[in-house]
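> Fold the following for me, if possible:
(2 chains)
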Amino acid sequence: MKIATWNVNSVKARLDAAVQWLKEDSPDIVCLQEIKCTDDTFPATAFEELGYNCAVHGQKTYNGVAILSKRPLEDVTPRLAGGEGDGHARYLEAVVTGDKGVIRIASIYAPNGNPIGTEKFSYKLSWLERLHARARALLTYEEPIALMGDYNVIPTPEDCWDVVAWENDALYQPEARAALRKIENLGYVDAFRTCNAQPYQYTFWDYQAGAWQKDHGIRIDHILLSPQAVDRLKGCAIDKRVRGREKPSDHVPVWCEVEV
DNA sequence: ATGCCGACAGGATGTCGA
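Predicted coordinates for the structure are as follows:
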């Protein structure tokens, strides 16, 4: 199965680009982030016409996550535990059955956390801690799991075009990087880094200051795999080409092939 | 350069993203 994640920065603004990409790459499962719409205004029909089932956890204007799957979506669960009063739509989980077994998928949109030193940054850290708790609980199932999406964390200096430019940004703070590492230390593996040791491979380029043209990017969209999913990992790549198209998202898709 | 670009809600321009 080819499973992918893409922060589309508004699913409505990106509908044509998303349909084109789905037709070209034909992933079996797609996690979308920043859909920026409510469940009832999600353009499900456009995806259903391409053969996808849709699970949506949206909200008005901001955030919002979804999962598209050619196979039926089972056990669909929105929200992370421990977020009483948290109205942000940032997490959606589902199970898909393949020819050789099941895979559990989560579409993740972690908080940005800027500016640092504010409650936005502490919200980011507490949200990642809630994700860690969920990630730990899921390991007891001993099944293939892919926690994929926009983590809003630059894991290492080699995932950033210029660390000096990002040293005061929430995405590169030691606490944020440690929070991501803490999930990896449970036993989850960064699929891209397992398959590709090349430094300076990015998933996001700012719209501003010609960042794309100058390759001033960062790698913040990640696929974290449980040990049972890593056993079945066949490859992982970043779909950089879509960033150079008309009306692009500032993020590009990341995908991996998992034998399930 | 606390900006530059882009999406949203709403109907001008402020908020948010990263």
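> near DNA strand B, which residues of chain A?
When proximity is defined as Cβ under 7 Å from any atom of the strand, chain A approaches DNA strand B at A:7, A:9-10, A:12-13, A:34, A:36-37, A:60-62, A:111-112, A:114, A:120, A:150, A:152, A:169, A:171, A:204, A:206-209, A:218, A:220, A:247, A:250-251. For glycine as for every other residue, the C-beta is placed from the backbone atoms N, C-alpha and C.
> Just the buried residues of those residues.
Buried members of these, scored by 16 or more other Cβ atoms under 10 Å, are A:7, A:9, A:34, A:36-37, A:111-112, A:114, A:150, A:152, A:169, A:171, A:204, A:218, A:220, A:250-251.
> neighbouring contacts of stretch A:162-172?
A:112-116, A:120-121, A:124, A:152-154, A:157, A:160, A:176, A:216, A:218, A:220 (Cβ atoms under 8 Å, 6 or more residues apart in numbering).
> before we move on, what SS does A:Pro199 have?
Secondary structure state of A:Pro199, per DSSP: H, G, I helix; E, B strand; the rest coil, is coil.
> my guess is it meets A:Trp161, correct?
No. At 10.5 Å, A:Pro199 does not count as touching A:Trp161 under the criterion of Cβ atoms under 8 Å.
> Going by how many neighbours each has, rank these two and give me the top one.
The neighbour comparison of A:Pro199 against A:Trp161 (other Cβ atoms under 10 Å) goes to A:Trp161, with 16 against 11.
> isn't the more buried one right up against A:Gly217?
Yes. Because the distance of 5.7 Å satisfies Cβ under 8 Å, A:Trp161 is recorded as touching A:Gly217.
> Now do the shared contacts for the two.
A:Tyr202.
> Burial check on the closest residue to A:Arg245 other than its chain neighbours, number of neighbours?
Distances taken as Cβ to Cβ, 6 or more residues apart in numbering place A:Ala17 nearest to A:Arg245, at 6.4 Å, with adjacent residues excluded. A:Ala17: 17 surrounding residues under other Cβ under 10 Å.
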